[in-house]
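Chemist: Build me a structure from this.
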Amino acid sequence: MRSDYIQAYINRGDILIRLNRTQEAQKVYERALQFDDGNPDIYYNVSFSKDFYQRIFSNIYLFRIVSYSSNSEMNKQKGAIVSVSV
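Modeler: Below you'll find the model as predicted:
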């Protein structure tokens, strides 16, 4: 996959999540971060691709979502709510 097409990585990870192949999805999202480490949407997806017991360690990714949220599509939508549950 081309390194300049980050959305393809995100889409592939999303499909793997729906197929319940979370470990593979996590690797795809982390690969995407190598090309675009400032993308909050990728951090969000990485955090939710982790197993339940690993989610406590994924809070760093959720923190980065907030840090980068001004560049995110989530921030452009009115009424968007982001909640964190562990």
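Chemist: Just give the number of residues close to residue 45.
Modeler: Residue 45: 24 surrounding residues under other CB atoms under 10 Å. C-beta here means a position set from N, CA and C on the backbone, and glycine is covered the same way.
Chemist: Which of the three states applies to it?
Modeler: Classification of residue 45 by DSSP: H, G, I helix; E, B strand; the rest coil places it in helix.
Chemist: wait, what's in contact with it?
Modeler: 10, 13-14, 17, 25, 29 (CB atoms under 8 Å, 6 or more residues apart in numbering).
Chemist: Drop anything exposed from those.
Modeler: 10, 13, 17, 25, 29 (16 or more other CB atoms under 10 Å).
Chemist: if I pick the closest residue to the third one other than its chain neighbours, what's in contact with it?
Modeler: Just to be clear, that refers to residue 17. Leaving aside its sequence neighbours, residue 17 sits nearest to residue 25 (CB to CB, 6 or more residues apart in numbering; 4.8 Å). Residue 25 makes contact with 13-14, 16-17, 45, 49, according to CB under 8 Å, 6+ apart.
Chemist: Phi, psi for residue 25 please.
Modeler: phi -60, psi -40 (degrees, to the nearest 10).
Chemist: where does residue 20 fall, helix, sheet strand or coil?
Modeler: Per three-state DSSP, residue 20 ends up coil.
Chemist: Give me the phi and psi angles of it.
Modeler: phi 60, psi 30.
Chemist: And for residue 37?
Modeler: phi -80, psi 0.
Chemist: count of neighbours near it?
Modeler: 11.
Chemist: if we take the buried ones among the contacts of residue 45, which one ends up nearest to residue 36?
Modeler: residue 10 (9.7 Å; CB to CB).
Chemist: That closest one and residue 43 touch, don't they?
Modeler: No: look at residue 10 against residue 43 with CB atoms under 8 Å: they stay out of range, at 11.1 Å.
Chemist: Identify the residues contacting residue 9.
Modeler: So residue 9 contacts 1, 28-29, 31-32, 35, 42 (CB under 8 Å, 6+ apart).
Chemist: Is there a quick PyMOL command that grabs whichever of those residues are buried?
Modeler: Typed into PyMOL, the line below selects the buried ones among the contacts of residue 9, using 16+ other CB under 10 Å:
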select buried, resi 28+29+32+42
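Chemist: Lovely, talk soon.
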